[in-house]
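>>> Compute the structure for the input listed below.
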Amino acid sequence: MKPKNKNSRTATIMGIMTTCTVLILSVVAVVYFIKYITYSNRYEDTNDAQIESFINPVSARAGGFIKNVLFEEHQKVEKGDTLVILDDREYAQKVKEAEAMLEDTKAQQEILAASINSAQASTLINQDQIKVAKATLWQQEQDVKRFKNLLNEDAVTVADYEQVKTRYDVAENSYNATVNGLKTGHMKVNELQAKYSSLFAAKKRAEALLDLAKLNMSYTVITSPYSGYTGRKNILEGQQVQAGQPLVSIVNTHDKWIIANFKETQVNGMYVGQTVEIEVDAIGNKIFKGKIEAISASTGSKFSLLPADNSTGNFVKIIQRIPVKIKFAPDQDTDVLKAGMNVKVRVKAKN
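Below is the predicted model of the structure:
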């Protein structure tokens, strides 16, 4: 009989323990369910979110052979740091050629300026010659009138009158020649001034070519557009690159944000400036603060390369995701955060 009583007590104890365990598990389940319901009523969250940052591919603006590569993979660089130097000998020759063209244009301008001054001086001489020729013509005209009167009175011979008349004709032609010479001088000055203006334009063009040659030469030194970290190193010294060819990517570590893709049923009540709590998968037990900076005006599927066409008849209703841009609050240590890290964001739901 004693063994039977012992087994009965053991069974009773096991039953009580089982009942307690079930009760404890039920209480725990109820507590977690209540917490879940309370959390769901207070917050909207998603783990479909990643840290984003500007990743700028630095491209060559000039072609040539690489002379020096001054960076390593994943190296920290500051804005303006030299990354790559190209062989600039061809570009230096272009600069010298443009400088020579500019100097030649300046020399031609100086020659033309001297020619213009000489032509203008010649016109002054022509003006004085006109005055002399005009005075001579007037004198000869008076002699012709006087000898004509004397001829009418038979005081001189016809030969004497003809000699005076010939001298008058010579003086008149000389006067006309000096007048035409002055006109020719003015035309020569105008022609030289037009050539000078043309050379002035040529000088401007030579200056522009020189500036362009210097600009192209400056492209042989490739610098970092902003501070950050370099990406993979895929170039070596001696390699030939073309204009527009990407050389290395720079990750801007000073400007980071999060793109969180919330379900369309979650964004109701969200607004720009709303506070957000951020948990980073790679960093435990730390909550980052942020604010909603922008809410997309369209679902993510509408930005896809081949958006779905529901009018084809193959419609299956799928909850869409709406991208929300979240900016980190200032005065936080975000240096440890890397672009592409997965995060979980939590937004207080609208009451």
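
>>> What is the neighbour count of Q240?
Applying other CB atoms under 10 Å, we find 11 residues neighbouring Q240. Where C-beta positions appear, they are placed from N, C-alpha and C, glycine not excepted.

>>> Just give the nearest non-adjacent residue to it, would you?
F65 (5.3 Å; CB to CB, 6 or more residues apart in numbering).

>>> lowest-pLDDT helix or strand in the protein?
Every helix and strand in the chain was compared by mean pLDDT, DSSP states H and E; the lowest is helix 2-42, with a mean of 69.

>>> mind listing what the next helix or strand after that helix pairs with, with the direction of each?
Scanning forward in sequence from helix 2-42 by DSSP states H and E, the next helix or strand is strand 43-59. Using DSSP bridges, the strands paired with strand 43-59 are strand 246-263 (antiparallel), strand 342-348 (antiparallel).

>>> My read is that the residue nearest to Q240 contacts I235, right?
No: at 11.1 Å, F65 does not count as touching I235 under the criterion of CB atoms under 8 Å.

>>> In the stretch 101-250 of the chain, mark out all the helices, start to finish.
158-218 (DSSP state H, counting those that start in this stretch).

>>> now it, which segments are flagged as low pLDDT?
Applying pLDDT under 70 to the stretch 101-250 of the chain flags the ranges 143, 147, 151, 154-156, 161.

>>> again with the stretch 251-351 of the chain
Counting by pLDDT under 70, the stretch 251-351 of the chain shows low-confidence ranges at 310-314, 350-351.

>>> Please enumerate the strands of it.
275-280, 287-295, 321-328, 342-348 (DSSP state E, counting those that start in this stretch).

>>> Any chance of those in TSV with distance to N47 and mean neighbour count as columns?
What follows is the strands of the stretch 251-351 of the chain, written out as TSV (distance: least, CB to CB, whole Å; neighbours: other CB atoms under 10 Å):
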stretch	distance to N47	mean neighbour count
strand 275-280	9	18
strand 287-295	15	16
strand 321-328	12	20
strand 342-348	4	19
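
>>> List just the one of these that sits closest to G185.
Across the strands of the stretch 251-351 of the chain, G185 has its closest neighbour in strand 287-295 (74.7 Å, CB to CB).

>>> which ones are touching F71?
By CB atoms under 8 Å, 6 or more residues apart in numbering, the residues touching F71 are V77, D81, L83, V84, T230, K233, V248.

>>> circling back: now the strands paired with strand 43-59 in JSON lines, please, with extra columns for distance to V276.
Converted to JSON lines, the strands paired with strand 43-59 look like this (distance: least, CB to CB, whole Å):
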{"stretch": "strand 246-263", "distance to V276": "8"}
{"stretch": "strand 342-348", "distance to V276": "5"}
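
>>> Of all those strands, which one is nearest V272?
Nearest to V272, of these and by CB to CB, is strand 342-348 at 12.0 Å.

>>> Measure how the closest one sits relative to strand 321-328, angle-wise.
Using axes from the mean of the first three to the mean of the last three CA atoms, to 10 degrees, the inter-axis angle of strand 342-348 relative to strand 321-328 is 90 degrees.

>>> ok, and what's touching strand 342-348?
42-47, 49-51, 258, 260, 262, 270, 274-282, 290, 292, 326.

>>> who's in contact with the residue nearest to Q240?
Shown in contact with F65 (CB under 8 Å, 6+ apart): L86, D87, G238, Q239, Q240, V241.

>>> And for E172?
Contact analysis of E172 by CB under 8 Å, 6+ apart lists L137, Q140.

>>> Using CSV, write out the CA atom coordinates for stretch 103-121.
Extracted C-alpha coordinates of stretch 103-121, given in CSV (Å, rounded to 0.1, in the frame of the first residue of the first chain):
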residue,chain,number,x,y,z
GLU,A,103,52.2,86.3,-78.2
ASP,A,104,52.1,86.3,-82.0
THR,A,105,48.8,88.0,-82.0
LYS,A,106,50.1,90.7,-79.6
ALA,A,107,53.1,91.3,-81.8
GLN,A,108,50.9,91.7,-84.9
GLN,A,109,48.8,94.1,-83.0
GLU,A,110,51.9,96.2,-82.1
ILE,A,111,53.0,96.2,-85.7
LEU,A,112,49.5,97.3,-86.9
ALA,A,113,49.3,99.9,-84.2
ALA,A,114,52.6,101.3,-85.5
SER,A,115,51.3,101.2,-89.1
ILE,A,116,48.2,103.0,-88.0
ASN,A,117,50.2,105.8,-86.4
SER,A,118,52.4,106.1,-89.5
ALA,A,119,49.3,106.2,-91.8
GLN,A,120,47.7,108.9,-89.5
ALA,A,121,50.9,110.9,-89.7
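
>>> tell me which residues of that stretch are tucked away?
Neighbour counts over stretch 103-121 (16 or more other CB atoms under 10 Å) mark T105, Q108, Q109, L112, S115, I116, A119 as buried.

>>> What's the separation between the residue lying closest to the second one once chain neighbours are set aside and Y168?
If the residues on either side of it in the chain are set aside, Q108 comes closest to L199, at 5.4 Å by CB to CB, 6+ apart. Remark: distance between L199 and Y168 (CB to CB, to the nearest Å) = 46 Å.

>>> got it, and V69?
Relative to Y168, V69 is positioned 91 Å away (criterion: CB to CB).

>>> do the same with A62
Distance, A62 to Y168, using CB to CB: 77 Å.
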